[in-house]
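Trainee: Following is a predicted model, sequence given first.
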Amino acid sequence: MWPEWLRGLGRAPDRRWSFGVALLVTAQAVRPSWPFLECTYTRKWVKQLPDDAPLQIAAKRLRPAVEAVAWSSIGLQEKALKNGLRTMMVAGHTALEQITDADLRSVPVTVSSGSDVLDAALCSLGVLGRTPLRGAARRMRNRRLTPAELAERSKIPERFRAVHVLYLEQYQQRVSDVYATTRHKHNSLEHFWCFIDERYPEVRSCAHVRPAHARAFIPEAIELARRVQRGPGAGEREDRSTAMQWLTNLRCFFADVCTWGAEPGSPFEPHAPAAVPLERHDLRNLGFDKVRRRAKARSVEAVIDLEREIPKIRAVAIRRWDQAQQSLAEEPGVRAGREAETEAFWDWAVLELLLQSGLRIEEASELATLDVLRRRHPDGRTYYMLHVKPSKFDHARVVPIGDGLGRVIAEIIRQVKAFYGTDRVPHCDHYDAGEKRALPRAPYLLQGCRHPSPLALAAIRTRLARLSRLAEARSADGSSLIVRPHDCRRAFAPEHLNNNTPIHVIQALLGHASPDTVMVYAKLYPSTLVEEYRKAVRAVYTDHHGADSLRNPTREEWAEFQASCSMRDMGTHLCALPTGEHCARGLVCLGCGHAQPKKSATPVFRRMLASHERSLTRARGNGEPAGQIAARELEIVRIQSALRRAEELIADVAAAIEAAA
């Protein structure tokens, strides 16, 4: 009758028509559905209940817990209270302690607003024995499927399921228990079994598969891989690396089955073919070598694009954070300002953490404060190392923490402690979405981004993509360049190669299984080419200045040079860098800590400032990329700083400094 009453058909006047329904639902004599509750005023119904009613008791307990969630708004708190009561009605619970994670996952997306606040409130009341979760993480907490369940949910014919399940179970025990590997092997074999069932129905078991059957699957796999390609230009590219992975998994399957079937009393004995149907030589001359070469060529192009565009993206990230901090300092009580500062900070922190550590996205997600290791040199100096948990190859490693990476980690810890209002990073639950298993509770670094839970992998990817769009990053062909988390590893390797870090050290820092992976980047920076170029430049210098310019100075010449260069005159600045020290800025004095602007150069600085401001206005009008505009703005800040320092000098001090030069 309820749908008819909602449409106004046959219902009593005024509010009397809903009294009976409200009584049945709030007394929990019936269990309503979520679509039904979406059309009701359940909060008003519960308020009319007596004080000893289960729903009234639950509402009185839940309200203060919901209001204590500091990071939520009043509107979300009301929705959380309403969703909590509705969850109890749908499940038929009479107490808050009966609510489970399954009940929270069953809340429809259409009314899920406020569910995160409800989750946090239930955790604070001890109803849920974990730390709060975001909605996406709560819904994605699925358990690992067993090989039997994978086969049951697939299209694998019944006659092949026994060997399929047996192989996956044995592979997990003997070789690798990585869930992603199990899923990849399952998918590859599923394609093959479906092909055999369609093309060769006379093959009744795995033992009857012959080399002709396996070889016939090769062109089918290549064609299928083209159809399932994702991303831009899918189905048009000639790449067949996906097919190669399927065929490699199939070859390994038959090799393992035949090998394990030869063991005494092996359960694989009735499933093993007379000979291995697919060998390594069967996969030669199929175009896969060309695919690898094209993939390497694209990787080289991507690295070059990243080296050109990453500085723009970093400039945009730090500029947005600085602007958000300034806005928050001007209006500290504005909630929108705090949220904007938090978002800008985490954009910068995620980008810098990945760029300066070279970590994989799952490795960065699992970092905890316990992974920051403090060590001492024999001479007593302290240094820090970052412990990286095993991920791709089940090998742990350590990464030295330099000044840049140390600052990023320190800022993240400061931000997390400020979010929770504690003096240390709190422990929280985490979940490995790839392995479908819960991680141990620990003080994870990437947590507390507007919610008391770890930062999701999808959120990390979204933040990098947003920064790429804001910086208007472009590839060499003019297309939009979206930086992915793994691209930060590709930028990490060339940066260290440019700083003459040995190949084997970069391999250890990145956790590669072989130096061959690093050699892809090394080919971009061949040391022989660089050295030959330096020889050519040195020869041109010698021809111009003469061979005498390269000789060592005499003691008298060196003393005269040292006396005259205790403070060198650079035109607009006076350089106080000690004689003989290398200038890391390449004699670009703006913004250098060793350079003191000259008071006599004030007119020059004013002309420079006016010129750069005109260029900035012109760049904005021409729609230059945001990264270039950010670089121009930083240059103006340096000129303004130099002009201010020069103007602050009083006349006698300025004259004394310039006289000393």
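Mentor: Perfect, I can see it now. Fair warning: this is a prediction, and the values are worked out from it, not measured in the lab.
Trainee: I'd like to know how many residues surround Asp177.
Mentor: When counting by other CB atoms under 10 Å, one arrives at 13 neighbours for Asp177. The C-beta positions use only the backbone N, C-alpha and C, and glycine is treated the same way.
Trainee: nope, Ala536 is what I was after
Mentor: 10.
Trainee: how much space between it and Asn498?
Mentor: Between Ala536 and Asn498 the computed distance is 20 Å (CB to CB, to the nearest Å).
Trainee: same deal with Ser514?
Mentor: In terms of CB to CB, Ser514 sits 22 Å off from Asn498.
Trainee: and these two? which has more neighbours close in?
Mentor: Asn498 (13 against 8).
Trainee: count of neighbours near the closest residue to Gly448 other than its chain neighbours?
Mentor: Spatial nearest neighbour of Gly448, chain neighbours left out: Phe419 (3.8 Å); criterion: CB to CB, 6 or more residues apart in numbering. Neighbour count of Phe419, defined by other CB under 10 Å: 19.
Trainee: Surely Phe419 is in contact with Ser453?
Mentor: No. Phe419 lies out of contact with Ser453 (CB atoms under 8 Å); the separation is 11.2 Å.
Trainee: what about Gly126, which SS state?
Mentor: coil (DSSP: H, G, I helix; E, B strand; the rest coil).
Trainee: which phi and psi does it have?
Mentor: Torsion angles at Gly126 (phi, psi; degrees, to the nearest 10) stand at phi 80, psi 10.
Trainee: Count the neighbours of Leu355 for me.
Mentor: 23.
Trainee: Contacts only, for it.
Mentor: 310, 314, 488, 491-492 (CB atoms under 8 Å, 6 or more residues apart in numbering).
Trainee: which one of the residues you listed is nearest Cys206?
Mentor: Cys488 (43.4 Å; CB to CB).
Trainee: Just the pLDDT for that closest one.
Mentor: Cys488 carries a pLDDT value of 90.
Trainee: for the one 10 residues further on, same thing?
Mentor: What the model reports as pLDDT for Asn498 is 72.
Trainee: Could you check how far it is from Gln640?
Mentor: 31 Å.
Trainee: Ramachandran coordinates for His628?
Mentor: One thing to correct before we go on: residue 628 is Gln, not His. Per degrees, to the nearest 10, the backbone of Gln628 is at phi -70, psi -40.
Trainee: contacting residues around Ala137?
Mentor: Ala137 neighbours (CB under 8 Å, 6+ apart): 431, 453, 456.
Trainee: Out of those residues, who's the most crowded?
Mentor: Ser453 (24 neighbours).
Trainee: So that one is in contact with Tyr431, correct?
Mentor: No. Using CB under 8 Å, Ser453 is not in contact with Tyr431; the gap is 9.5 Å.
Trainee: mind checking which helix or strand the residue of the chain positioned farthest from its centre is in?
Mentor: Going by CA atoms, centre = their mean, the residue of the chain most distant from its centre is Glu556, 59.2 Å out. Under the criterion of DSSP states H and E, Glu556 resides in helix 555-564.
Trainee: the strands in the stretch 551-661 of the chain, which residues?
Mentor: For the stretch 551-661 of the chain, the strands defined by DSSP state E, counting those that start in this stretch occupy 568-569, 573-575, 595-597.
Trainee: Relative to Ala610, how far out is Ala631?
Mentor: Distance from Ala631 to Ala610, by CB to CB: 18 Å.
Trainee: Compare those two and say which is more crowded by neighbours.
Mentor: Ala631 (17 against 11).
Trainee: list the contacts for the more buried one?
Mentor: Ala631 is in contact with 311-312, 315, counting by CB under 8 Å, 6+ apart.
Trainee: Gly623: which of the residues you listed is nearest?
Mentor: The closest of those, once distances to Gly623 are taken by CB to CB, is Lys312, at 14.4 Å.
Trainee: Within its local environment, how many residues does the closest residue to the closest one other than its chain neighbours see?
Mentor: Excluding the flanking residues, the one nearest Lys312 by CB to CB, 6+ apart is Gly627, at 1.9 Å. Residues near Gly627, counting by other CB under 10 Å, number 26.
Trainee: my guess is Phe268 meets Glu169, correct?
Mentor: No. If you go by CB under 8 Å, Phe268 and Glu169 don't touch, sitting 11.3 Å apart.
Trainee: okay, the two: which has more neighbours?
Mentor: Phe268 (20 against 15).
Trainee: Report how many residues lie close to the spatially closest residue to that one that is not a sequence neighbour.
Mentor: Counting by CB to CB, 6+ apart, Phe268 lies nearest to Gly261, which is 3.8 Å off, once chain neighbours are set aside. Using other CB under 10 Å, Gly261 has 18 other residues around it.
Trainee: now swap in the one 3 residues further on and tell me
Mentor: Residues within reach of Pro264, counting by other CB under 10 Å, total 5.
Trainee: cool, and Arg284?
Mentor: By other CB under 10 Å, neighbour count at Arg284 equals 9.
Trainee: and the helix or strand where Trp45 lies, what does it pack onto?
Mentor: Using DSSP H and E, Trp45 maps to helix 42-47. Contacts defined by 3 or more CB pairs under 8 Å, 6 or more residues apart in numbering; DSSP states H and E place helix 42-47 against helix 19-26, helix 54-67, helix 74-91.
Trainee: redo that, cut-off 6 Å
Mentor: If contacts are counted by 3 or more CB pairs under 6 Å, 6 or more residues apart in numbering; DSSP states H and E, helix 42-47 sits against helix 74-91.
Trainee: Show me this structure divided up by domain.
Mentor: 2-129, 147-286, 310-522, 552-660 (automatic domain parsing).
Trainee: Please export the C-alpha coordinates of the helix holding Trp45 as PDB.
Mentor: Only the C-alpha atoms of helix 42-47 are listed here, as PDB (Å, rounded to 0.1, in the frame of the first residue of the first chain):
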ATOM      1  CA  THR A  42      12.800   8.400  10.000                       C
ATOM      2  CA  ARG A  43      14.400  11.000  12.300                       C
ATOM      3  CA  LYS A  44      11.000  12.600  13.100                       C
ATOM      4  CA  TRP A  45       9.600   9.100  13.700                       C
ATOM      5  CA  VAL A  46      12.300   8.100  16.100                       C
ATOM      6  CA  LYS A  47      12.000  11.400  18.100                       C
END
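Trainee: I would like the residues contacting it, please.
Mentor: Contact partners of helix 42-47, identified using CB atoms under 6 Å, 6 or more residues apart in numbering, comprise 22, 26, 55, 59, 82, 85-86.
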